[in-house]
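# one predicted model, sequence on top.
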Amino acid sequence: VYDDEDIFLTDEDLFDLVNYDESGNLMTASQLNEIEKDQEIKEVENTNGNQDLSQELIPQEKLEDEKDQLLEKEFNFQVNLTETKKTEEIIKETDDNLINNNIQDQWKNQSLSLSNVQDLEALENLNYPPEIIATACVQLAYQYRDRIASGEVTKENLKIAIQAYQQGLKHLPETDTNLPDLLNDLGNLYWMLSRQTQNAEEITSLLKIAIQSYQLALFKINHLELNLTQNYGMIQNNLGAVYSDLARFSDAEINLQLSILAYQEALKYRSKEDDKIKYGSTQNNLGTAYWHLSQLTKSIPNLKAAITAYQEALSQYNPEIESLNWAMIQNNIGTAYWNLSQYEEPQKWLNCALNCYHQALKYRTPEIAPVAYAATQNNLGTAYWHLGEQNSQDIQLWYRYLQQALTAYDIAIYFVDLLSKNNPPIPINFEII
């Protein structure tokens with residue numbers, strides 16, 4: 001799971017969220033049905049009106065206790081999913097016999113190869129040693145995982161892969177050293193399936209199962225005393241991303257704090273010396289989690305924590321090599337500064353925001369990243385507009401800032417219109433003032 005996030009401003013609350021993958025490509029939100037595979041624009045959800053914005057941060061000890069309790073629960077791999085639609089509505093009995101005979105012939109040779117979900121289902125009626133079944137199921141799971149990784153991200157492929165992983169895990173011994181990696185894969189598949197789903201209740205359920213998978217993977221690493229430092233950091237990063245997604249649907253403040261804890265834990269195992277890019281990616285994710293939390297509680301300290309994390313992330317990227325990632329993080333820092341200006345020292349923080357947006361626009365060009373370019377121009381316009389409001393008593397200065405705001409907004413509007421005429425149209429998920 002990879003969930004770098006890129007923040008920009010809207011006209012309702014002056015904030016939206018844009019996502020980029022590790023290569024700097026823009027990604028669309030799940031509700032836009034992944035118009036482009038490597039592009040996703042993710043809109044910030046309005047927080048639940050029942051949230052108590054004055055609530056104190058939950059003590060870390062309590063959160064850790066909750067995590068420990070979750071790890072002690074027996075993980076249930078038998079998840080009731082809608083049965084994958086088959087090519088034919090009815091599989092004839094003769095076809096079942098052919099499948100069973102084929103599997104039996106393979107077993108005589110001490111091997112078992114599954115090619116589709118029908119083979120997988122046939123195992124339920126046949127008795128084979130667990131290790132043979134586990135190996136065959138995992139091989140089928142890997143086949144579908146590779147399909148998904150190559151771009152065939154469909155609900156059907158995700159559900160078949162999940163079913164294969166679950167069957168394999170069910171037949172593996174509790175001490176198998178492959179369990180952490182398999183459980184991490186399973187968590188990733190549930191997370192991806194949640195992004196292919198529209199129903200909020202189902203999304204919540206899938207995300208919670210993903211969290212259980214990651215937590216059990218971490219438990220297995222510790223319990224089996226495996227030396228999997230890099231894997232541990234990767235799984236913690238994935239856990240943080242899923243908690244951030246879950247915060248959009250339930251218990252926002254608690255889940256964002258759990259997300260922050262997971263990212264902080266990941267950073268203990270993802271050092272800048274070992275892998276600057278993964279370290280920077282996790283720092284950027286941590287900054288975004290703090291930014292979201294700042295919208296719910298303790299705005300100033302959480303925004304400053306977000307800026308610190310973003311700046312640490314920025315320092316890991318060379319703008320001449322990872323220019324779009326570098327520009328994305330500059331945009332995020334600018335938005336955090338803009339938000340901070342609403343609480344203290346507006347002149348200071350607005351000028352910091354303007355500088356960040358101008359830096360981002362050096363690499364977010366209309367030729368390379370038109371959607372990101374339009375989003376940052378929109379942010380730039382909003383920052384100039386607010387700076388003009390701060391200098392309204394100086395008519396000339398006020399007029400100059402408003403002219404700069406209008407110029408930036410005009411550019412953003414122009415590219416929104418241009419991209420909407422693309423075939424297929426490329427939507428930009430923010431509203432222009």
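That came through fine.
# how about the helix or strand hosting residue 371: buried residues?
Secondary structure assignment for residue 371, by DSSP states H and E: helix 370-390. Buried residues in helix 370-390, counted by 16 or more other Cβ atoms under 10 Å: 370-388. (Each C-beta comes from the backbone N, C-alpha and C, glycine too.)
# in the stretch 1-150 of the chain, where is pLDDT below threshold?
1-126 (pLDDT under 70).
# the helices in the stretch 201-350 of the chain, which residues?
229-246, 252-267, 276-294, 299-314, 323-341, 346-360 (DSSP state H, counting those that start in this stretch).
# please identify the most buried of those helices.
Most buried of the helices of the stretch 201-350 of the chain, by mean neighbour count (mean count of other Cβ atoms under 10 Å): helix 323-341, with a mean of 27.
# gap between residue 243 and residue 352?
29 Å (Cβ to Cβ, to the nearest Å).
# does residue 286 touch residue 261 like I think?
No. Assessed by Cβ atoms under 8 Å, residue 286 is found out of contact with residue 261, at 10.1 Å.
# residues shared between the contacts of the two?
Common contacts of residue 286 and residue 261 (Cβ atoms under 8 Å, 6 or more residues apart in numbering): residue 240.
# could you check the angle helix 346-360 makes with the helix holding residue 371?
Angle between the axes of helix 370-390 and helix 346-360 is 160 degrees (criterion: axes from the mean of the first three to the mean of the last three Cα atoms, to 10 degrees).
# how close does the closest residue to residue 204 other than its chain neighbours get to residue 192?
In this structure, residue 204 finds its nearest non-sequential neighbour in residue 249, 4.7 Å apart by Cβ to Cβ, 6 or more residues apart in numbering. Distance, residue 249 to residue 192, using Cβ to Cβ: 16 Å.
# neighbour count winner among these two?
More crowded of residue 249 and residue 192, by other Cβ atoms under 10 Å: residue 192, with 21 against 18.
# which helix or strand contains the more buried one?
helix 179-194.
# other SSEs contacting that helix?
Helix 179-194 sits against helix 130-149, helix 155-171, helix 200-223, helix 229-246, with contacts defined as 3 or more Cβ pairs under 8 Å, 6 or more residues apart in numbering; DSSP states H and E.
# could you dump these into CSV and include distance to residue 417?
Listed next are the helices and strands packed on helix 179-194 as CSV, based on distance: least, Cβ to Cβ, whole Å:
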stretch, distance to residue 417
helix 130-149, 35
helix 155-171, 34
helix 200-223, 32
helix 229-246, 31
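# and those, which is most packed in?
Comparing those by mean count of other Cβ under 10 Å gives helix 229-246 as most buried, with a mean of 23.
# is it true that residue 245 touches residue 193?
No. The pair residue 245 / residue 193 is not scored as a contact, 11.9 Å apart, by Cβ under 8 Å.
# before we move on, back to that, go through the helices of the stretch 201-350 of the chain and name the closest to residue 165.
Between residue 165 and those, the tightest spacing by Cβ to Cβ is seen for helix 229-246, at 15.2 Å.
# quick check: the closest residue in space to residue 258 that isn't next to it in sequence vs residue 337, distance?
Nearest residue to residue 258 in three dimensions, chain neighbours excluded: residue 243, at 4.6 Å (Cβ to Cβ, 6+ apart). From residue 243 over to residue 337 the distance is 26 Å, taken as Cβ to Cβ.
# and residue 400, how far is that from residue 168?
For residue 400 relative to residue 168 (Cβ to Cβ), the value is 65 Å.
# actually, residue 162.
11 Å.
# doesn't residue 366 fall inside a strand?
No. Counting by DSSP: H, G, I helix; E, B strand; the rest coil, residue 366 is not found in a strand; it is coil.
# that one is in contact with residue 372, isn't it?
No. Residue 366 lies out of contact with residue 372 (Cβ under 8 Å); the separation is 9.7 Å.
# so what's residue 339 up against?
So residue 339 contacts 15, 291, 294, 299, 303 (Cβ under 8 Å, 6+ apart).
# returning to what we had before: quick one: closest of the helices and strands packed on helix 179-194 to residue 275.
helix 229-246 (8.1 Å).
# one step back: just checking, the residue nearest to residue 258 touches residue 252?
No. When contacts are counted by Cβ under 8 Å, residue 243 is not listed as touching residue 252 (10.4 Å).
# for residue 321, grab phi and psi.
phi -110, psi -50 (degrees, to the nearest 10).
# do you know how far it is from residue 276?
For residue 321 relative to residue 276 (Cβ to Cβ), the value is 11 Å.
# and if you look at residue 424?
36 Å.
# do the same with residue 154
The value you get for residue 154 to residue 276, if Cβ to Cβ is used, is 34 Å.
# again, but for residue 419
33 Å.
# give me the pLDDT for the residue lying closest to residue 330 once chain neighbours are set aside.
In this structure, residue 330 finds its nearest non-sequential neighbour in residue 360, 4.0 Å apart by Cβ to Cβ, 6+ apart. Residue 360 is assigned a predicted lDDT (pLDDT) of 97.
# residues in contact with the residue lying closest to residue 331 once chain neighbours are set aside?
Spatial nearest neighbour of residue 331, chain neighbours left out: residue 360 (4.4 Å); criterion: Cβ to Cβ, 6+ apart. Residues in contact with residue 360 (Cβ under 8 Å, 6+ apart) are 327-328, 330-331, 334, 376.
# redo that, cut-off 7 Å
327, 330-331, 334, 376 (Cβ atoms under 7 Å, 6 or more residues apart in numbering).
# ditto for residue 303
Residue 303 touches 291, 294, 336, 339-340, counting by Cβ under 7 Å, 6+ apart.
# as TSV, those residues with distance to residue 238 would be great.
Output for the contacts of residue 303, formatted as TSV (distance: Cβ to Cβ, whole Å):
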residue	distance to residue 238
291	20
294	23
336	24
339	27
340	29
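# next, count neighbours for the closest residue to residue 374 other than its chain neighbours.
Among residues not flanking residue 374 along the chain, residue 415 sits closest, at 3.9 Å (Cβ to Cβ, 6+ apart). Residues near residue 415, counting by other Cβ under 10 Å, number 20.
# and if you look at the one 5 residues further on?
Other residues near residue 420 come to 11 when the count uses other Cβ under 10 Å.
# against residue 331, how distant is it?
For residue 420, the distance to residue 331 - Cβ to Cβ - is 22 Å.
# what of residue 385?
Counting by Cβ to Cβ - residue 385 and residue 331 are separated by 17 Å.
# next: residue 279.
20 Å.
# go on, residue 133?
Distance from residue 133 to residue 331, by Cβ to Cβ: 50 Å.
# what residues are up against the nearest residue to residue 202 once chain neighbours are set aside?
The shortest distance from residue 202 to any non-neighbouring residue, by Cβ to Cβ, 6+ apart, is to residue 194 (7.9 Å). Contacts for residue 194 (Cβ under 7 Å, 6+ apart) come out as 203, 206-207, 245.
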